[in-house]
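Asker: Pasted the sequence and its predicted model underneath.
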Amino acid sequence: MSLPDPRIALLEAHFREVEMTRMRDVPILNPALQVEAVGFQSIESGCLGVLITPWFMNLVWLPSVERGADMPDSPLLALPSGEYECQPNHALSVGKFYTCSLFSPVLQFEDQATAVLTAQEVMKLLLGVPPSANVSRRDFLRGKFS
């Protein structure tokens, strides 16, 4: 399955480089996690998904090329679940993108599979899809899915 926007692979590569350089040996890194883009899909205003790194999990919005040039510094992202204020970011290889913090740090995640499942459930909730019935709200917020 191909990613809906070529900037997603560039985003992953950028944060892998950050992990190996600026974040190297920082004590908040979770060694059980790796950089991974999860659940990215096209939306009306661009592309949306979750980025997992060993130090954070963020919602990432890549605005469409048409919208990107005229975006305000802190735009509101309108989704079926509500509006979310985003923080502007820029990477040379990716261009302008926006983030909303979900978890930081991410030390509560025991493994990559749990982090990915959390990211998938976040995307469902944000886009108005009911979460899996076997996950309690308390466990979801703690990143536990067993």
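Answerer: Arrived safely, thanks for sending. Numbers count the residues shown, from 1 in each chain.

Asker: residue nearest the centroid of this protein?
Answerer: The chain has V50 as the residue nearest its centroid, 2.2 Å off, counting by CA atoms, centre = their mean.

Asker: my read: it touches V35, true?
Answerer: No - checked against CB atoms under 8 Å, the pair V50 and V35 is beyond contact range at 11.7 Å. (Glycine included, C-beta is placed from N, CA and C.)

Asker: Now the residue nearest to the centre of the chain. Nearest residue, chain neighbours left out?
Answerer: A119 (3.7 Å; CB to CB, 6 or more residues apart in numbering).

Asker: State whether R24 is indeed within a helix.
Answerer: No - R24: not assigned to a helix; according to DSSP: H, G, I helix; E, B strand; the rest coil it is coil.

Asker: Could you give the number of residues near it?
Answerer: Counted with other CB atoms under 10 Å, the neighbours of R24 add up to 9.

Asker: Quick check: it vs V18, distance?
Answerer: 9 Å (CB to CB, to the nearest Å).

Asker: Is the residue nearest to V50 in a helix, a strand, or coil?
Answerer: A119 ends up helix, using three-state DSSP.

Asker: In contact with it, which residues?
Answerer: 38-39, 49-50, 52, 57, 102 (CB atoms under 8 Å, 6 or more residues apart in numbering).

Asker: A13 now?
Answerer: Residues counted as contacts of A13 (CB under 8 Å, 6+ apart) are S93.

Asker: That one falls within a strand, correct?
Answerer: No - read with three-state DSSP, A13 is helix and lies in no strand.

Asker: Can you tell me how far it is from L92?
Answerer: To L92, A13 is 11 Å away according to CB to CB.

Asker: Please apply the same query to G128.
Answerer: Relative to L92, and taking CB to CB, G128 is found at 34 Å.
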